[in-house]
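Chemist: show me the folded form of this:
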Amino acid sequence: MEVSRDQLLHNGYHCAVEATIDIIGGKWKSVILYHLMSGKKRFNELRKLIPGVTQRMLTLQLRELERDGIIHREIYKQVPPKVEYSLSDFGESIVPVIELMMKWGNEHLDDILSAREKAETEATETPQLRYTTK
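Modeler: Model prediction:
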């Protein structure tokens, strides 16, 4: 079902891509979803799989994904408490997008790294203008 432009604008979006990026954008959400594609994970499992994320940021991103209905949080009543995260049925619908992102990244990683290296080299070789005051 396609959403009308009026519906998008009413909800604060200017296009459907903006809505999608709102849900999975940022540095960590797509990575979290990638890891949940292989099955349920506990919080500390995700921390080990995503070493660059802080505990606070992982908690925040998981809460936002849960709020948006993309993941499911299962709390087991036991001591100590056990919590598992998984993709919701709705979240499963984003899997093809994550798979395409992974495919694109694999195909273009060398290009990305080359472009960045070239930009860094050019930045260090470009003479800096120095302004002096008299």
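
Chemist: pLDDT score for residue 80?
Modeler: What the model reports for residue 80 is a pLDDT of 87.

Chemist: assign a three-state SS to it, would you?
Modeler: coil (DSSP: H, G, I helix; E, B strand; the rest coil).

Chemist: burial count for it?
Modeler: The number of residues packed near residue 80 is 5, by other C-beta atoms under 10 Å. For the C-beta atoms, the positions are set from N, CA and C on the backbone; glycine is no exception.

Chemist: what do you get for the one 3 residues further on?
Modeler: Residues within reach of residue 83, counting by other C-beta under 10 Å, total 12.

Chemist: which secondary structure element contains it?
Modeler: Per DSSP states H and E: residue 83 is located in strand 82-87.

Chemist: what does the helix or strand following that strand contact?
Modeler: The element immediately downstream of strand 82-87 (helix or strand, assigned by DSSP H and E) is helix 89-92. Contact with helix 89-92 is made by 33, 36, 65, 69-72, as judged by C-beta atoms under 8 Å, 6 or more residues apart in numbering.

Chemist: now stretch 96-112
Modeler: By C-beta under 8 Å, 6+ apart, stretch 96-112 touches 20, 24, 30, 33-34, 37.

Chemist: quick check, nearest of those residues to residue 123?
Modeler: Closest approach between those and residue 123, by C-beta to C-beta: residue 30, at 28.2 Å.

Chemist: who touches the host helix or strand of the closest one?
Modeler: Assigned by DSSP H and E, residue 30 falls within helix 29-36. Under the criterion C-beta under 8 Å, 6+ apart, residues 23-24, 41, 46, 49-50, 53, 58, 61-62, 64-65, 70-71, 85-87, 91, 94-95, 98, 101-102 lie in contact with helix 29-36.

Chemist: and the contacts of the following helix or strand past that helix?
Modeler: Counting by DSSP H and E, the next helix or strand C-terminal to helix 29-36 is strand 41-42. Under the criterion C-beta under 8 Å, 6+ apart, residues 35, 49, 82-86 lie in contact with strand 41-42.
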